[in-house]
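Enquirer: What shape does this take:
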Amino acid sequence: DDPNKIVIWQRWESKEKQQAYIQHRHEDGSFDFLGELVASPPEIIPIQEMVMKTDEEKVRDVINDMCQVDYKVGMKHMHDDCVFIRPSGNPLDKKGWEEMMTNDDVKAISSKLLTIHKLAVGNTGAYVCYSSHAKFTYKGTENDDVAVFSSIMKKKNGVWKVVHGQRSTGRKPSEPLPFA
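Expert: Take a look at the predicted model:
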């Protein structure tokens with residue numbers, strides 16, 4: 001808001017490279033010279049993480065995380081009031097999801113996103129239909145499933161959270177996919 005204030009923004013690969021550059025400029029006298037030209041010494045703000053992604057890219061990142069073998073990676077994207085409908089039709093809240101994933105009956109082996117079939121992103125809401133391939137055991141029975149999911153997301157303060165999710169019954173990877 002100060003018309004006499006100059007802001008120089010630079011992008012750095014790492015905090016260490018930024019600090020090395022600042023040290024170099026102190027040592028070569030650049031900051032001393034600059035101090036003679038301006039009313040106050042430069043204010044150097046440390047590197048801060050910035051997310052320079054579109055909402056669609058952020059939603060795609062959430063879906064990719066939801067398909068990771070470590071359930072905690074995806075769970076960080078679940079809204080506290082999230083409801084997830086299992087293939088049986090039985091709903092789970094966030095606490096129930098974590099209890100299911102940490103139950104001794106469930107052992108995740110692998111999981112990966114196959115494809116996003118449909119994606120729509122608005123200002124504060126998004127929906128996604130996607131397929132994943134997961135290998136896991138349930139009560140000692142091995143499962144090698146391709147399943148279709150739907151997720152509804154809500155954006156609050158720039159952060160996308162899953163508020164509703166659903167999983168189809170799994171099919172074998174050798175069976176035809178529901179979407180071509």
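
Enquirer: Please make it C-alpha for all contacts and neighbour counts, starting now.
Expert: Fine.

Enquirer: hey, which helix or strand in this protein has the poorest pLDDT?
Expert: Among the helices and strands of the chain, helix 30-37 carries the lowest confidence by mean pLDDT, DSSP states H and E, at a mean of 77.

Enquirer: Following the chain onward from it, which element is next?
Expert: Once helix 30-37 ends, the next helix or strand along the chain (criterion: DSSP states H and E) is helix 55-66.

Enquirer: any idea which helix or strand comes after that next one?
Expert: helix 71-75.

Enquirer: Would you mind measuring from residue 86 to residue 138?
Expert: Separation of residue 86 from residue 138 (C-alpha to C-alpha, to the nearest Å): 14 Å.

Enquirer: Just want to know which of these two has more residues nearby.
Expert: For residue 86 versus residue 138, the count of surrounding residues by other C-alpha atoms under 10 Å is larger for residue 86: 16 against 13.

Enquirer: which residue packs closest to that one, ignoring adjacent ones?
Expert: Using C-alpha to C-alpha, 6 or more residues apart in numbering and skipping residues adjacent in sequence, the residue nearest residue 86 is residue 167, 5.5 Å away.

Enquirer: Surely that neighbour and residue 148 touch.
Expert: Yes - between residue 167 and residue 148 there is a contact at 5.9 Å, judged by C-alpha atoms under 8 Å.

Enquirer: Compare the two (neighbour count), which wins?
Expert: Legend: neighbour count by other C-alpha under 10 Å for residue 167 and residue 148, higher for residue 148 (23 against 20).

Enquirer: No further queries at this time; thank you.
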